[in-house]
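K.L.:
Here you go, sequence then predicted model.
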Amino acid sequence: WGPVPWLMVGELFPVEARGAASGLATVINWGGSTLVTQTFAVVLAALGPARLFAAYAVVCALGVVWVASPGFVETKGKSLQEIESDLR
């Protein structure tokens, strides 16, 4: 997903909760990265490379579907207030 989560975090949450929610989103993001890193060798041994990378491909495909979905709001050229109202 690359930079998409980091770009969306600043625009996704209302102003009142942005600091705490951004911090929580960061912890969850790094927690997921740590989980993948720590379990990679075990899952690779259990599934083999083809199945493991197929599973990762499915997760990436789901991310593409989510980003391409109509519910994913375009934020270019909009103020934070406009983005917030679009997300409600």
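P.N.:
Right, received. Where do you want to start?
K.L.:
Under the pLDDT cut-off, which ranges of the protein? List them.
P.N.:
Low-confidence segments of the chain (pLDDT under 70): 1-2.
K.L.:
Going by neighbour count, which residues in the longest helix seen in it are buried?
P.N.:
With DSSP state H setting the assignment, residue counts place helix 18-47 as the longest helix in the chain. Buried residues in helix 18-47, defined by neighbour count with 16 or more other C-beta atoms under 10 Å: Ala25. In this view, the C-beta of every residue, glycine as well, is placed from N, C-alpha and C.
K.L.:
Contacts made by the helix or strand following it with the rest, please.
P.N.:
For helix 18-47, the succeeding helix or strand toward the C-terminus, using DSSP states H and E, is helix 49-68. Taking C-beta atoms under 8 Å, 6 or more residues apart in numbering as the criterion, the residues outside helix 49-68 that touch it are 1, 4, 40, 43-44, 47, 72.
K.L.:
can you put the residues you listed in CSV and add distance to Leu12?
P.N.:
Shown next, in CSV, are those (distance: C-beta to C-beta, whole Å):
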residue, distance to Leu12
Trp1, 14
Val4, 11
Phe40, 28
Val43, 30
Leu44, 33
Leu47, 33
Phe72, 11
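K.L.:
now, the most widely separated pair of those?
P.N.:
The most widely separated members of the contacts of helix 49-68, counting by C-beta to C-beta, are Leu44 and Phe72 (31.8 Å).
K.L.:
returning to what we had before: quick one: which of the contacts of helix 49-68 is nearest Glu82?
P.N.:
Phe72 (15.5 Å).
K.L.:
any idea what sits nearest that closest one, other than its immediate chain neighbours?
P.N.:
Spatial nearest neighbour of Phe72, excluding adjacent residues (C-beta to C-beta, 6 or more residues apart in numbering): Trp66 at 6.7 Å.
K.L.:
same deal with Asp86?
P.N.:
Val73 (4.8 Å).
K.L.:
Give me the phi and psi for that neighbour.
P.N.:
For Val73, the backbone dihedrals (degrees, to the nearest 10) come out as phi -80, psi 130.
K.L.:
Just give me the neighbour total for it.
P.N.:
For Val73, the neighbour count with other C-beta atoms under 10 Å is 14.
K.L.:
Thank you kindly, that will do.
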